[in-house]
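A.B. asks: compute the structure for the input listed below.
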Amino acid sequence: MFCLRPLLEGEVVRPARSHMMADVLVELERTIAKMEAWDGDLLESAALDLQFHRTLSRASGNPYLERALNTLLVTLFAHKTLEHVSHDVRRWRLSHHRALLDAVTGKSREDPQTVLRTHVRLSLTEPERHSELPKKPS
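C.D. replies: Below is the predicted model of the structure:
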């Protein structure tokens, strides 16, 4: 599941750049503003994070991809809420979304899929623990 997310969301970010409606962009900006001002509990931060990614998938204009990704995201975000991370780590996770939106909208010259892969990887605590690959020797 953890490997599937960057693949599906990677298919969302490119069409989102060209299909994003003005109201969806406004919703994403509002969500990011809430994220940047966030100072609440883990459930609230996970809900904001999920809302951002659901809205971004809607921006792709592909309802089939949106539904498939939503099913995956709900499961992954439920798992994320069970992680016991500090308030600072939660805030740090929320801070990535501005760079992702800037890449998708073309405000930055970054490749949206590259930014997304980095975003997903950095949002995990010890992402290697979800891999089936052999562990690197220390």
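A.B. asks: could you give the number of residues near residue 64?
C.D. replies: Using other C-beta atoms under 10 Å, the number of residues around residue 64 comes to 8. For every residue, glycine as well, the C-beta is placed using N, CA and C.
A.B. asks: and it, what element?
C.D. replies: Using DSSP states H and E, the element containing residue 64 is helix 63-81.
A.B. asks: what angle do the helix or strand following that helix and helix 63-81 make?
C.D. replies: Using DSSP H and E, the helix or strand that follows helix 63-81 in sequence is helix 87-95. Helix 87-95 and helix 63-81 are oriented at 170 degrees to each other (axes from the mean of the first three to the mean of the last three C-alpha atoms, to 10 degrees).
A.B. asks: in CSV, list the C-alpha atoms belonging to helix 87-95.
C.D. replies: Provided in CSV are the C-alpha atoms of helix 87-95 (Å, rounded to 0.1, in the frame of the first residue of the first chain):
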residue,chain,number,x,y,z
HIS,A,87,3.8,17.9,17.8
ASP,A,88,6.9,19.3,16.0
VAL,A,89,6.9,16.3,13.6
ARG,A,90,3.2,16.8,12.9
ARG,A,91,3.8,20.4,12.1
TRP,A,92,6.8,19.5,9.9
ARG,A,93,4.7,17.0,8.0
LEU,A,94,2.1,19.6,7.3
SER,A,95,4.7,22.1,6.1
